[in-house]
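Q: The following block contains a protein sequence and its predicted model.
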Amino acid sequence: MNILIIMIPMALLLGLGFVFSFVWAVDQGQFEDVETPAHRILDSNDLERINNERTDKV
Amino acid sequence: MDAVLSTKCSFCQTPTQNIAYCCEACEILDSKSLKPVADDNLSFSFLDQPNFKSAFKMTKEAYDYELYVEGLHCSSCIHLLEKIPDFDSNVINARVDYSRSLLQLTVEKNFSLAAVAKLLHSWGYTPHFLERKSNADDFIKKENRAHLKKLAIAGACAGNIMLFVIPVYSGLSGQWATVFNWMSFLLFLPVLFYSAIPFYQGAWTSLRYKTISVDLPITVALLGGFALSTVNLVRGNGAIYYDSTASFLFLIMCARYYIKRTQQKFLSGVSVQDFFGTDHYVRISNGQNLNVRLEEIQENDVVALTISQMVPVDGIILNHSALFDTAVLNGEPLPRLFEPGMKILAGSKLLSKGIEIKACTDYENSYLAGLLAELKNGNGKKSQFVSLTDKLAQKLILTVFFLAIVFFIAYFQINPQEAFNRSLALIVLACPCALAFGSPLAFGLAMKDALKKGILIKNSSSLEKLLKVENIFFDKTGTLTDIDLELNSTWPVFIDEKTRTIILSLEQESYHPIAFAIRKCWPQSKRIQVTDRKEQLGRGVSGTIENNFYELIQDTNAKSDTGLCVALLENGKSVCRLFLEAPLRQEAPGAILNLKNDNHSCYLLTGDISLAATSIGYTCHIPSHDIFSSLKPEDKQDIVRQYKNTCMIGDGTNDALALRAADVGIAVKGSTFINLQAADIYFTRAGLTPLVELFELSKKTKRVLISNLTFSLTYNLIGGILALTGFVSPLLAAILMPVSSFLIIASTLWGFR
C-alpha cells in the first residue's frame, strides 16, 4: 500500500495539470465562440487558386 | 418571405430560394473567379475621416476594428471573409464570429476602412462598423469565463472525490480509509470556497430581500452536508457526504451555464444591431459640407438629409416641404407631408428629395433616445415575477426545515447525537434536485428548440409566463397584415401594357410605398421618357408623356374599406384606378383560430380607423367588441394593463409600450429596434406560424416540468422518510443522489426528443 504515497500525489498533480490547462484555455477565450471553428475546418482553400489567377492577370 | 426552401445552394448546401448560389461568397468560391467590384455610387469614403476612424478603433481588444456583417449566413461566408488579407494587403488578420455575425480585423497603420467596406459591399454584405465595446459586453464575457472556471474546478474535484470514496465504500477501513476521507475533505474545499460562491451570493440576496429562491436550499444542503461530514470525519464515525454534495453542485452549475449561454444568444443578436448603424450625416457649417457621426450633431446644427435617410435628431425643416415615413414612431404605414417650419422627430425616414433641417436637440435628448431610455430603465417595468421553481422551493424548504426541527426536538430525548445526524441527513437529501437543475435544463432545451424554429427568447421566465397567458393582443399593420402595400385590384380589371408603362414611368423615381407596390406587381422594365415630371408632395406625381399630361393622384373619394385608391388622369380625365392595401398574412386566421381553440382570448389593437380594423377582425375570427381602433401607443398600453395574464404581439415602435406592459411581449420579424428592446420574445421568421409553434412548445415544456416535479417530490418524500428513520447510509446517499439527477436529466431529454 505504500506505493500510494507516490501514486496519489501524482494522480492529483496530473488532474491539476488538466484543470490548469482548461483554465488557461478559458482565459484565452477558446470557449466564447464554439460555432465558427466547426465551419472553419471545412475551408477548401480554393481561393489560393483564384488569387493565383488574379495575379497572373495583373 | 417565408417561401418554401426547396432548392439548395449548389456549393454549401444551405437551403436557398430558387437561385443556384445562396450568396456571393459561394459563387466566388465555387466558380473560382472574382466578380468585378461593382462600381456603384455608394461611397464609403467618409469612413476614412479621422473622427470616424478613431470612433471605431478598439483599444482593449486584440483586434483593431469590429464589424457587424449583415448577410453572413453560411460556411462559405466565413471562408471568404477570413481571406480578406488576400484582397487587401493592409489587413493583417480577419476573424469571423459566426454566431454573432461579427468580423474582427487586425490592420496595418495606413488601413482604409472605406476599402474594406467597399469590398464587403461588392460581395453583397452590408458592413456596420461597431464602436468600442460597452462595459456590459465586457462584463458578460468576464462572468462567462468565471462561471466556466468555477464549473471546471467543481467537476474536477467532484470526480476525484468519487475516486477516493470508492475504496471506502468497497469496505476499506483503518488508516488508509481515514487518509482517503481526509483527501475527499481537502478536495471539497475548492468547491466550498470557490465554485459555490454564486450560490452564497444568491442565497444572501434572497435572505436580504426576504424572498426564498432555489439558491437557499442549495446553500443549506451544501453547508449542511459539509458540516455533517466534517463533524463525522473528526469524530471518526458516521456518514460522509462530500462526494454526493460536490457532484450535485457540479450538475447544477452545468445546467446553469447552458441556460445562460442560450439566453445570451438572444441578447447579443439584438444589441449588436445598432439602430442607426454606421450612418453618417452631412452637417453644413459656414457653407461647407462635413461628414459627421450621429453623436457629433449638436443643437442648432444644420443637417442635410438625403432621400431614404433616417432623421438623426429632432429638428425643424428649413428649406422645403418633404414626405416622411413615420412608421417607426407611430406605425402609420403611409407617408406624411411636412411643411417647412414643422418639427420632425428623430427616427422618421425621408422619402422625398433631400432637405435641410435645423437640429433642436442632440441625439441624447431626442424623442427617440428618450423613448429608448424609458424602455431600458423603464417606468413601464414589469412586476417582479416569482417563478414556479422559486415558489415550490419556498414551500419545500419551509416544510423540510419544519420537519427537521420538529424531529430534532422530538428525538432529542431518545438520542441527541442521532437526532442531529438524521435531521441534517434529511436537509441534505431532501434538497430539491429537480427544482435546482431539472427546471433550468428544461427551459434551456426549450429555448434551444425555439431557436431552431427562429424564435428567440430573452429570458426563461417568459416561457413560464407564457403558460399562464389568457389574453392575446395583436397589432394590425405588420403583424396580422404584411407591412408593405400590395396592388389588390384595378379598375378596369385589365390594364393594358401601355398604361402600365405610363404609370411605371411616372413613378420611376418615387420612394413612396405606392410606387414600390406597383413596381413589385408589374415587373416589366420598359419605361418611356417623361418630361416635366413633378412629385406633388402629399398628392401624387404628374408629368407629360408624348404631349399628353398625366397625373397619378390619390383618390380620396373612392377610398376602399381597407386600403387606398390611386387614379391615373390623362389630361384631367380618369383612365384607370388602382386599389392598394396591406394584405392579410395567409396564416393569420388559422393561427388565431388555433389559439382560440386553446381557450385564449384574442384582441386586436390598432392605430387605424375602425372600418379597416373590423374587416380584418372579421376574417381573423375576432369579434368586433374585442377590436380596439384609433389607438395611440399609450392607449394600447392602458388596454393591455386592464387585463391579466397578457401577451402582446406587435412590430412597430407604437407597440413598444404595450409590449413592455404585457406579461409577455412578442416582436415579430421586421420589428423596429425599439420593439426588440421592449419585447421578451422575438421571431426571426416572418409571419405568425412561429406563434403557434411557440405556444405548442410552452405546452411541451409544461409537461416536462410537471413530470420532473412529480418525480422529484416523490423521490424527496421517500428519501426524507428513509433519512428520518435512519436508513440512509452514505453509500445509499452517494448512489441515490446522482441516480436521481440522471433520471431527471434523462426524463427532460426524453420530453424534448
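A: Happy to help now that I have it.
Q: which parts of chain B sit against chain A?
A: Taking Cβ under 8 Å from any Cβ of the partner chain as the contact definition, chain B meets chain A at B:28-30, B:32-34, B:75, B:78-80, B:82-83, B:86, B:95-100, B:141, B:144-145, B:148-149, B:152-153, B:156, B:159-160, B:163, B:176, B:183. Using the backbone N, CA and C atoms, a C-beta is placed for each residue, glycine as well.
Q: please redo it, this time with the cut-off set to 6 Å
A: By Cβ under 6 Å from any Cβ of the partner chain, the residues of chain B that approach chain A are B:29, B:32, B:75, B:78-79, B:83, B:86, B:96-99, B:145, B:148-149, B:152, B:156, B:160.
Q: low-scoring stretches of chain A, by residue?
A: Across chain A, the ranges flagged by pLDDT under 70 are A:1, A:44-58.
Q: Which parts of it are helices?
A: For chain A, the helices defined by DSSP state H occupy A:4-27, A:36-40, A:46-57.
Q: that older thread, which PyMOL command selects the buried ones in the residues of chain B next to chain A?
A: Buried residues among these (16 or more other Cβ atoms under 10 Å in any protein chain shown), as a PyMOL selection:
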select buried, chain B and resi 29+75+78+79+83+96+97+98+99+145+148+149+152+156+160
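Q: So which residues make contact with the longest strand along chain B?
A: If you go by DSSP state E, chain B has its longest strand at strand B:573-581. With Cβ atoms under 6 Å, 6 or more residues apart in numbering or on different chains as the test, strand B:573-581 has contacts from B:485, B:487-491, B:495, B:517, B:560, B:562-568.
Q: mind listing which of these are in helices?
A: B:Ala517.
Q: Could you find the lowest-pLDDT member of the contacts of strand B:573-581?
A: Of all the contacts of strand B:573-581, B:Ser560 carries the smallest pLDDT score, 50.
Q: Tell me if I'm right that B:Gly665 and B:Ala658 touch.
A: No - B:Gly665 is not in contact with B:Ala658 according to Cβ atoms under 6 Å; the separation is 7.6 Å.
Q: Now for these two: what residues contact both?
A: Shared contacts of B:Gly665 and B:Ala658 (Cβ under 6 Å, 6+ apart): B:Met648.
Q: Would you point to the one among the helices of chain A that's packed deepest?
A: Looking across those with neighbours counted as mean count of other Cβ atoms under 10 Å in any protein chain shown, the highest average goes to helix A:36-40: a mean of 14.
Q: Find the residue ranges of the stretch 1-150 of chain B scoring beneath the pLDDT cut-off.
A: Residues of the stretch 1-150 of chain B that meet the criterion pLDDT under 70 lie in B:1-6, B:17-18, B:32-43, B:60, B:132-137.
Q: How are the strands of it distributed by residue range?
A: Per DSSP state E, counting those that start in this stretch, the stretch 1-150 of chain B carries strands over the ranges B:7-8, B:15-16, B:65-70, B:91-97, B:102-107, B:126-129.
Q: could the ones you listed be laid out in TSV, adding distance to B:Thr481?
A: TSV is the format used below for these (distance: least, Cβ to Cβ, whole Å):
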stretch	distance to B:Thr481
strand B:7-8	29
strand B:15-16	27
strand B:65-70	26
strand B:91-97	36
strand B:102-107	34
strand B:126-129	27
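Q: Nearest to B:Phe193, out of these?
A: Nearest to B:Phe193, of all the strands of the stretch 1-150 of chain B, is strand B:91-97, at 34.5 Å by Cβ to Cβ.
Q: Could I get the buried residue list for the closest one?
A: Using 16+ other Cβ under 10 Å as the test for burial, strand B:91-97 gives B:Val91, B:Ala94, B:Arg95, B:Val96, B:Asp97.
Q: I'd like these as TSV, with distance to A:Ile41 appended.
A: Below are those laid out as TSV (distance: Cβ to Cβ, whole Å):
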residue	distance to A:Ile41
B:Val91	22
B:Ala94	17
B:Arg95	15
B:Val96	13
B:Asp97	16
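Q: Name the nearest of the residues you listed relative to A:Ile6.
A: Among the buried residues of strand B:91-97, B:Arg95 lies closest to A:Ile6 (Cβ to Cβ), at 45.3 Å.
Q: For the closest one, give me its contacts.
A: By Cβ under 6 Å, 6+ apart, the contact set of B:Arg95 is B:Gln104.
Q: other SSEs contacting the helix or strand where B:Leu290 lies?
A: Per DSSP states H and E: B:Leu290 is located in strand B:288-293. Applying 3 or more Cβ pairs under 6 Å, 6 or more residues apart in numbering or on different chains; DSSP states H and E, one finds that strand B:288-293 makes contact with strand B:280-285.
Q: Just the pLDDT for the closest residue in space to B:Phe752 that isn't next to it in sequence.
A: For B:Phe752, ignoring the flanking residues on the chain, the nearest one in space by Cβ to Cβ, 6 or more residues apart in numbering or on different chains is B:Leu445 at 4.5 Å. Per-residue pLDDT puts B:Leu445 at 82.
Q: so how many other residues sit close to B:Leu445?
A: If you count neighbours by other Cβ atoms under 10 Å in any protein chain shown, B:Leu445 ends up with 21.
Q: Next one: it from chain A, what distance?
A: Relative to chain A, B:Leu445 is positioned 17 Å away (Cβ to the nearest Cβ, to the nearest Å).
Q: again, but for B:Asn708
A: To chain A, B:Asn708 is 27 Å away according to Cβ to the nearest Cβ.
Q: cool, B:Val493 as well?
A: Taking Cβ to the nearest Cβ, one finds B:Val493 at 52 Å from chain A.
Q: which SS class is that residue?
A: For B:Val493, the assignment made with DSSP: H, G, I helix; E, B strand; the rest coil gives coil.
Q: again, but for B:Gly607
A: coil.
Q: residue contacts, B:Ser10?
A: Residues in contact with B:Ser10, defined by Cβ under 6 Å, 6+ apart, are B:Ala20.
Q: Look up how far B:Glu70 lies from the residue nearest to B:Ala115 when sequence neighbours are not counted.
A: In this structure, B:Ala115 finds its nearest non-sequential neighbour in B:Asp88, 5.8 Å apart by Cβ to Cβ, 6+ apart. B:Asp88 sits 20 Å away from B:Glu70, taking Cβ to Cβ, to the nearest Å as the criterion.
Q: same question, B:Asn571
A: Distance, B:Asn571 to B:Glu70, by Cβ to Cβ: 47 Å.
Q: Please say which of those two ends up with more neighbours.
A: Per other Cβ under 10 Å, whichever of B:Asn571 and B:Glu70 has more neighbours is B:Glu70, with 15 against 10.
Q: How many residues are close by the closest residue to that one other than its chain neighbours?
A: Leaving out its chain neighbours, the residue that sits closest to B:Glu70 by Cβ to Cβ, 6+ apart is B:Thr126, at 3.9 Å. When neighbours are counted by other Cβ under 10 Å, B:Thr126 registers 15.
Q: swap in B:Pro623?
A: Applying other Cβ under 10 Å, we find 12 residues neighbouring B:Pro623.
Q: And for B:Arg753?
A: Using other Cβ under 10 Å, B:Arg753 has 5 neighbouring residues.
Q: B:Leu163 too?
A: As a burial measure, B:Leu163 scores 16 neighbours (other Cβ under 10 Å).
Q: what does B:Phe473 give?
A: If we define neighbours as other Cβ under 10 Å, then B:Phe473 has 28 of them.
Q: and it, what pLDDT?
A: Note on B:Phe473: pLDDT of 91.
Q: Would you mind putting the CA coordinates of the helix or strand that contains it into PDB?
A: B:Phe473 is part of strand B:471-475 when elements are defined by DSSP H and E. C-alpha atoms of strand B:471-475 as PDB (Å, rounded to 0.1, in the frame of the first residue of the first chain):
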ATOM      1  CA  ASN B 471     -55.400  37.300 -23.300                       C
ATOM      2  CA  ILE B 472     -53.500  37.700 -26.500                       C
ATOM      3  CA  PHE B 473     -53.400  41.200 -28.100                       C
ATOM      4  CA  PHE B 474     -52.500  41.600 -31.800                       C
ATOM      5  CA  ASP B 475     -51.300  44.700 -33.600                       C
END
